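> output the structure for:
(one chain, ligands or ions: 2)
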Amino acid sequence: MSQSDSILVTGGAGFIGSNYVLSWFAADRGPVVNLDLLTYAGNPANLASLEGDPRYTFVRGDICDAELVGSLLRRHRPRAIVHFAAESHVDRSIASPEAFIRTNVQGTFALLEQARAYWTSLSQADRAAFRFVHVSTDEVYGSLAPGDPAFSETTPYAPNSPYAASKAGSDHLARAYFHTFGLPVLTTNCSNNYGPFQFPEKLIPLMILNALEGKPLPVYGDGMNVRDWLYVKDHCAAIRTVLAEGRPGETYNVGGMSERANIDVVRTICDLVDEMRPTEVDAAPRRMLITYVEDRPGHDRRYAIDARKIKRELGWQPAEVFESGLRKTVRWYLENGDWVARVRTGAYREWIEKNYAARAVL
Ligand code: NAD
Ligand code: TYD
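Ligands and ions are numbered 1, 2, ... in the order given. I've put the predicted structure just below:
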């Protein structure tokens with residue numbers, strides 16, 4: 001039996017995965033099977049607009065469950081796997097690393113093994129067309145000093161957090177499955193994303209919501225850590241490009257050419273919230289809410305991506321600049337109060353208590 005036109009997406013109910021699935025259908029591509037465990041970070045509401053859409057199949061399940069993954073592959077016969085599922089928050093990996101090793105390392109291994117068995121069963125033509133896109137992060141490269149050149153695809157791996165180490169482990173497995181077995185794996189290493197549907201434990205949505213509610217804005221350390229920000233829809237476009245045009249066995253760095261110090265990001269968010277939701281006359285501007293707090297242990301100083309390879313070889317570059325992307329993002333959170341209320345459940349409140357209550361104010 002030959003392959004279908006469908007793709008299997010893992011972690012499609014999370015932040016980037018749900019943006020990917022929505023943009024996939026917006027571009028009128030083939031069917032999607034979404035395998036997601038619905039951890040605290042997975043939210044079916046992100047994909048509520050797809051309810052009843054015959055192109056979309058949701059399966060609640062674990063990527064570590066080899067039997068389930070194998071049976072899904074045999075039943076749906078996808079032409080590609082796009083692998084997003086992961087534990088993704090650095091601070092949680094410091095508080096409780098175990099789930100990161102399980103999902104990011106063991107889960108990716110289980111998925112690669114099942115993909116290999118399925119791929120081996122295909123005809124030669126289908127094997128040649130099959131793709132496994134492994135979605136990874138720039139954090140595997142470690143930390144840069146201020147004047148260092150940006151991370152390229154040949155920068156040695158030097159992961160510093162349990163999250164980064166678990167993603168590095170999964171990248172190595174993905175590489176080995178191409179090198180040893182010929183499975184057509186492609187890896188993307190992307191910088192920090194922001195945009196709609198991001199769980200508000202990450203910097204940008206956390207700051208937008210706290211600013212809106214007049215709560216303290218907890219900036220770690222001196223606020224001078226630098227991240228390279230990419231609007232999530234640009235990341236989704238990069239992954240679609242790599243899936244369609246990338247060369248198996250290659251890795252592609254994806255970035256926004258938007259390096260910003262955290263404190264500048266937070267100040268810009270304050271100004272945007274002030275503009276879109278003005279405070280009472282005479283009330284203090286939101287910048288007054290900025291509170292420097294005890295740093296994250298092992299906090300990487302700077303990330304920067306050299307994305308010339310994907311531009312040169314595949315023609316991808318970001319469409320959004322940081323200021324316009326951030327404006328869209330702030331507006332999205334202000335206009336989607338129901339979504340926000342629904343994700344700030346007990347699990348969210350527990351995390352905020354765990355991560356911030358005992359953090360000293362500097
Ligand atoms: P996220 O935490 O928002 O979503 C992760 C999703 O995976 C959730 O829907 C969750 O339910 C699901 N999941 C977790 N464990 C699972 C398991 N065992 N089986 C099945 N599903 C499981 O993450 P995100 O920010 O959307 O990131 C997606 C991918 O992109 C991750 O692999 C991450 O490492 C990578 N990435 C993220 C960023 C970023 O800035 N967010 C940047 C570069 C790369
Ligand atoms: P985050 O969104 O957690 O992404 P990552 O750690 O994967 O880069 O954090 C982005 C930056 O913001 C990082 O340097 C840590 C910092 N940060 C704060 O200063 N305060 C916060 O409350 C959070 C969540 C992050």
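
> in space, what's closest to T39 - neighbours in sequence excluded?
Nearest non-adjacent residue to T39, counting by CB to CB, 6 or more residues apart in numbering: E87, 7.5 Å away. All C-beta atoms are positioned from the backbone trio N, CA, C, and that covers glycine.

> the one you found touches S93, doesn't it?
Yes. With contacts counted by CB atoms under 8 Å, E87 reaches S93, the gap being 6.8 Å.

> which neighbours do these two share?
100, 163, 166 (CB atoms under 8 Å, 6 or more residues apart in numbering).

> can you lay out these as a markdown table showing secondary structure?
Formatted as a markdown table, those follow (DSSP: H, G, I helix; E, B strand; the rest coil):
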| residue | secondary structure |
| --- | --- |
| F100 | helix |
| Y163 | helix |
| S166 | helix |
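
> of the residues you listed, closest to ligand 1?
Of all the shared contacts of E87 and S93, ligand 1 sits closest to Y163, with 7.6 Å by CB to the nearest ligand atom.

> I'd like to know how many residues surround the closest one.
24 (other CB atoms under 10 Å).

> ok, now the one 10 residues further on?
By the measure other CB under 10 Å, the count of residues near L173 is 19.

> and it, what element?
helix 162-181 (DSSP states H and E).

> how about the helix or strand following that helix: buried residues?
Next in sequence after helix 162-181, counting helices and strands by DSSP H and E, comes strand 185-190. Buried residues in strand 185-190, counted by 16 or more other CB atoms under 10 Å: 185-190.

> partners of strand 185-190, with directions?
Using DSSP bridges, the strands paired with strand 185-190 are strand 131-137 (parallel), strand 251-254 (parallel).

> any chance of these in CSV, plus mean neighbour count?
Output for the strands paired with strand 185-190, formatted as CSV (neighbours: other CB atoms under 10 Å):
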stretch, mean neighbour count
strand 131-137, 24
strand 251-254, 25
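
> could you dump the buried residues of strand 185-190 to a markdown table with pLDDT and distance to ligand 2?
Shown next, in a markdown table, are those (pLDDT from 0 to 100; distance: CB to the nearest ligand atom, whole Å):
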| residue | pLDDT | distance to ligand 2 |
| --- | --- | --- |
| V185 | 98 | 23 |
| L186 | 98 | 22 |
| T187 | 99 | 18 |
| T188 | 99 | 16 |
| N189 | 99 | 13 |
| C190 | 98 | 11 |
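
> and the stretch 1-150 of the chain, which residues reach ligand 1?
10-11, 13-17, 35-39, 41-42, 62-64, 84-86, 88, 103, 107, 135-137 (CB under 6 Å from any ligand atom).

> the same query, at a cut-off of 5 Å, please.
With CB under 5 Å from any ligand atom as the criterion, the stretch 1-150 of the chain comes near ligand 1 at residues 11, 13-16, 36-37, 39, 41-42, 62-63, 84-86, 88, 103, 107, 135, 137.

> can you show me the CA trace of the helix or strand containing R75 as CSV?
Per DSSP H and E, R75 falls inside helix 66-76. C-alpha atoms of helix 66-76 as CSV (Å, rounded to 0.1, in the frame of the first residue of the first chain):
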residue,chain,number,x,y,z
ALA,A,66,5.9,3.0,20.5
GLU,A,67,2.9,0.7,19.9
LEU,A,68,0.6,3.7,19.5
VAL,A,69,3.0,5.5,17.2
GLY,A,70,3.6,2.4,15.1
SER,A,71,-0.1,1.8,14.7
LEU,A,72,-0.8,5.4,13.7
LEU,A,73,1.9,5.3,11.1
ARG,A,74,0.5,2.0,9.6
ARG,A,75,-3.1,3.3,9.7
HIS,A,76,-2.6,6.8,8.3
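
> many thanks, we can stop here.
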